[in-house]
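S.K.: can't give you the sequence, but here's the structure:
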């Protein structure tokens with residue numbers, strides 16, 4: 001897609017009353033596949049440089065470089081000493097691009113690729129996906145276990161706390177906003193340290209998961225010695 005012309009360049013091309021020299025040239029495409037025409041005003045030229053006896057170059061203020069199959073003196077005169085009343089346009093397309101590939105500036109394609117309009121990267125959306133949590137609840141002060149599946153909105157998150165003196169080591173407990181524990185009442189307890197539970201919960205939320213399966217962790221008698229990467233349990237349902 002061709003970049004839109006600047007207001008000043010558009011006016012110079014359409015009005016016929018040039019206040020600055022209009023220059024046309026061929027430059028490498030950003031993808032390195034061939035050449036494309038480029039039109040710009042003389043005010044964008046930063047320098048004219050000699051590359052060898054028969055080739056010179058234009059350096060734009062953006063840093064982009066254009067080799068030209070013209071001697072340095074001739075190109076300097078054509079750009080900086082042009083009579084705008086007689087020649088308001090300097091067309092260098094026949095002496096640039098493929099015609100001037102014998103001598104190239106370093107990283108020429110890269111220079112023009114950096115000047116090309118950037119494609120917008122789609123922004124990642126962060127949707128709050130409702131999370132279901134499966135675990136084995138344990139009866140207080142007992143070794144009775146019961147599988148429990150809750151929606152995260154069922155949990156009173158202000159009540160989540162950890163204890164270190166359970167029968168099987170550290171455990172987490174919380175109160176339900178809706179429904180009852182498998183053992184009656186609103187308080188639910190399971191054998192997993194609170195920091196580990198919150199870490200896995202936050203990771204699931206960050207990944208946009210719909211399910212957090214803690215059954216393999218919470219059924220163990222010694223949760224602190226659970227391997228860091230236990231075998232994945234079967235999906236819920």
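M.R.: Structure received. Note that the structure is predicted; figures quoted are calculated from it, not measured. Numbers count the residues shown, from 1 in each chain.
S.K.: quick one: residue 194 and residue 161 touch, right?
M.R.: Yes. With contact defined as Cβ atoms under 8 Å, residue 194 counts as touching residue 161 (6.6 Å). To be clear about C-beta, it is placed using only N, CA and C from the backbone, and glycine gets the same treatment.
S.K.: quick one: buried residues of the biggest helix by length in the chain?
M.R.: Assignment by DSSP state H gives helix 194-206 as the longest helix of the chain. Buried residues in helix 194-206, counted by 16 or more other Cβ atoms under 10 Å: 194, 196, 197, 200, 201, 204.
S.K.: Give the pairing partners of the lengthiest strand in the chain; include direction for each.
M.R.: The residue-count maximum for a strand in the chain (DSSP state E) belongs to strand 155-166. Note on strand 155-166: by DSSP bridges, its sheet partners are strand 169-176 (antiparallel).
S.K.: Could you check what's spatially nearest to residue 74, not counting adjacent residues?
M.R.: Nearest non-adjacent residue to residue 74, counting by Cβ to Cβ, 6 or more residues apart in numbering: residue 56, 7.9 Å away.
S.K.: what sits opposite that neighbour in the beta ladder?
M.R.: For residue 56, the beta-bridge partners are residue 50, residue 68 (DSSP bridges).
S.K.: What separation do you get for residue 39 and residue 177?
M.R.: To residue 177, residue 39 is 67 Å away according to Cβ to Cβ, to the nearest Å.
S.K.: quick revisit: what score does the residue nearest to residue 74 have for pLDDT?
M.R.: The model reports residue 56 with a pLDDT of 90.
S.K.: cool, residue 198 as well?
M.R.: 93.
S.K.: What residues does it make contact with?
M.R.: residue 160 (Cβ atoms under 8 Å, 6 or more residues apart in numbering).
S.K.: now do residue 37
M.R.: Residues near residue 37 by Cβ under 8 Å, 6+ apart: 24, 25, 26, 93.
S.K.: Can you tell me which of these has the most neighbours?
M.R.: Counting by other Cβ atoms under 10 Å, residue 25 has the largest number of neighbours within the contacts of residue 37, with 23 neighbours.
S.K.: Tell me the predicted confidence for that residue.
M.R.: Residue 25 is given a pLDDT of 93.
S.K.: Now do the longest strand of the chain: everything it contacts.
M.R.: Under Cβ under 8 Å, 6+ apart, the answer for strand 155-166 is 133, 170-177, 189, 191, 193-195, 197-198.
S.K.: SS state for the residue nearest to residue 219 when sequence neighbours are not counted?
M.R.: Nearest residue to residue 219 in three dimensions, chain neighbours excluded: residue 136, at 4.5 Å (Cβ to Cβ, 6+ apart). Counting by DSSP: H, G, I helix; E, B strand; the rest coil, the backbone at residue 136 sits in strand.
S.K.: can you tell me which residues contact residue 136?
M.R.: 145, 146, 147, 148, 190, 191, 215, 218, 219.
S.K.: For it, give the beta-bridge partners.
M.R.: Here residue 136, judged by DSSP bridges, has bridge partners residue 147.
S.K.: Please report the distance of it from residue 146.
M.R.: Residue 136 is 7 Å from residue 146, by Cβ to Cβ.
S.K.: cool, and residue 89?
M.R.: Residue 89 is 85 Å from residue 146, by Cβ to Cβ.
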